[in-house]
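Peer 1: What follows is a predicted structure for the sequence shown.
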Amino acid sequence: GIETTRLIRHSHRDYDMVPIIALTANVMEETRSLFLTEGMNDYVAKPIEMDVLIAKMHQWLPADKIKPVEKKEGEDAKAEEKKEGLQIEGLDLKEAMRLAGTEELFIEILKEYYRVIPKKVGLLRKYEEEEDWENYTIEAHTLKSSSKQIGAMELSAMAAEMEKAGHAGDGELIHEKSGPMVDIYESMEAKLAPYCQEEEGVVVKVPYTKEELMECFDKISNALEELEFDDIEEAVETMKGFEFDDVSQEFFDSFREAADDMDVDTCEEIINEWKDLV
């Protein structure tokens, strides 16, 4: 973030008036001073509190970019009802709702947390086994923040301890305590499944033409260039109905995972390789 800000401020003068806000877990005074010295305008501390984020948006956005939205009658009462009705064992939902602001946003955050559990569990185990403490610490930091965001306070505290051990290079402590932490993290998948699994209807698979597939490729390539992820989702929805052979299905599944991660480089690599095959 600091390097990107430095590049924007020094090499792209047309963007001098564009606000840049840091998202950070480190709110020490010297870190904040570094952000401001490098050209950032402000910062938001993690875990993200929606009220704070909204306040920053109001502070830094031009007035003509902010449009008031009128709430429908009884909307607040309905939201409170839904909030009281949602219970997930082991999660501090009161704190999670305070951070998210609405149940709808909380559920979206929860679904993203759920989606990456298998991948992140694998990375934590891999980095511990390889004693790659730099990458292990990054993953522990991510787990600390994301767990706190959904109200998994015990898991967040365990990840914070592992992050601290990673920074200190304390491999003995990590080997002792990482396993139980990762086991708890992995168990979250089954616990969250009832709230996060999408109920998909029957998708009818149909044959497709090369032209139809290339049209999807072109739409995706343009969307990646413009970072229009809604257009990518539309193309994915279209391609879900295509009757792929095993090889193309593997390409499609890999692309969907990279798109979910918003990994633009990997998306481009997959599409280009797939296109060459077609």
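Peer 2: Nice, thanks for sending it over. Residues are numbered from 1 along each chain as shown.

Peer 1: For the longest helix belonging to the chain, name the packing helices and strands.
Peer 2: Using DSSP state H, we find that the single longest helix of the chain is helix 171-196. Contact here means 3 or more CB pairs under 8 Å, 6 or more residues apart in numbering; DSSP states H and E; on that basis helix 171-196 packs against helix 103-115, helix 117-130, helix 133-150, helix 153-168. C-beta coordinates here come from the backbone N, C-alpha and C atoms, glycine included.

Peer 1: dump the residue contacts of the closest residue to residue 180 other than its chain neighbours.
Peer 2: Spatial nearest neighbour of residue 180, excluding adjacent residues (CB to CB, 6 or more residues apart in numbering): residue 158 at 7.8 Å. By CB atoms under 8 Å, 6 or more residues apart in numbering, the residues touching residue 158 are 177, 180-181, 184.

Peer 1: Do I have it right that residue 34 meets residue 2?
Peer 2: Yes. The pair residue 34 / residue 2 is scored as a contact, 6.9 Å apart, by CB atoms under 8 Å.

Peer 1: Compute the first-to-last residue distance for stretch 240-251.
Peer 2: Counting by CA to CA, to the nearest Å, you get 12 Å between the two ends of stretch 240-251.

Peer 1: please renumber so the chain begins at 18
Peer 2: Right, with 18 as the first residue, what we last looked at is stretch 257-268.

Peer 1: If you count neighbours, what's buried in it?
Peer 2: The neighbour-count check on stretch 257-268 (16 or more other CB atoms under 10 Å) flags 259, 261, 265, 268 as buried.

Peer 1: would the second one count as being in a strand?
Peer 2: No. Counting by DSSP: H, G, I helix; E, B strand; the rest coil, residue 261 is not found in a strand; it is coil.

Peer 1: Tell me the spacing between it and residue 275.
Peer 2: In this view, residue 261 and residue 275 are 17 Å apart by CB to CB, to the nearest Å.

Peer 1: okay but residue 212 is in contact with residue 130, surely?
Peer 2: No. Applying CB under 8 Å as the test, residue 212 and residue 130 come out as separate, 10.5 Å apart.

Peer 1: related to what we said a few turns ago, buried only: go through the contacts of residue 175 for me.
Peer 2: Applying 16+ other CB under 10 Å to those flags 198, 201 as buried.

Peer 1: Looking at the contacts of residue 175, which one is closest to residue 158?
Peer 2: residue 198 (13.2 Å; CB to CB).

Peer 1: Let me know the pLDDT of the spatially closest residue to the closest one that is not a sequence neighbour.
Peer 2: Distance criterion CB to CB, 6+ apart; nearest residue to residue 198, sequence neighbours excluded, is residue 175 at 4.3 Å. Looking at residue 175, its pLDDT is 97.

Peer 1: how close does residue 175 get to residue 65?
Peer 2: Distance from residue 175 to residue 65, by CB to CB: 21 Å.

Peer 1: And residue 222, by the same measure?
Peer 2: Taking CB to CB, one finds residue 222 at 39 Å from residue 65.
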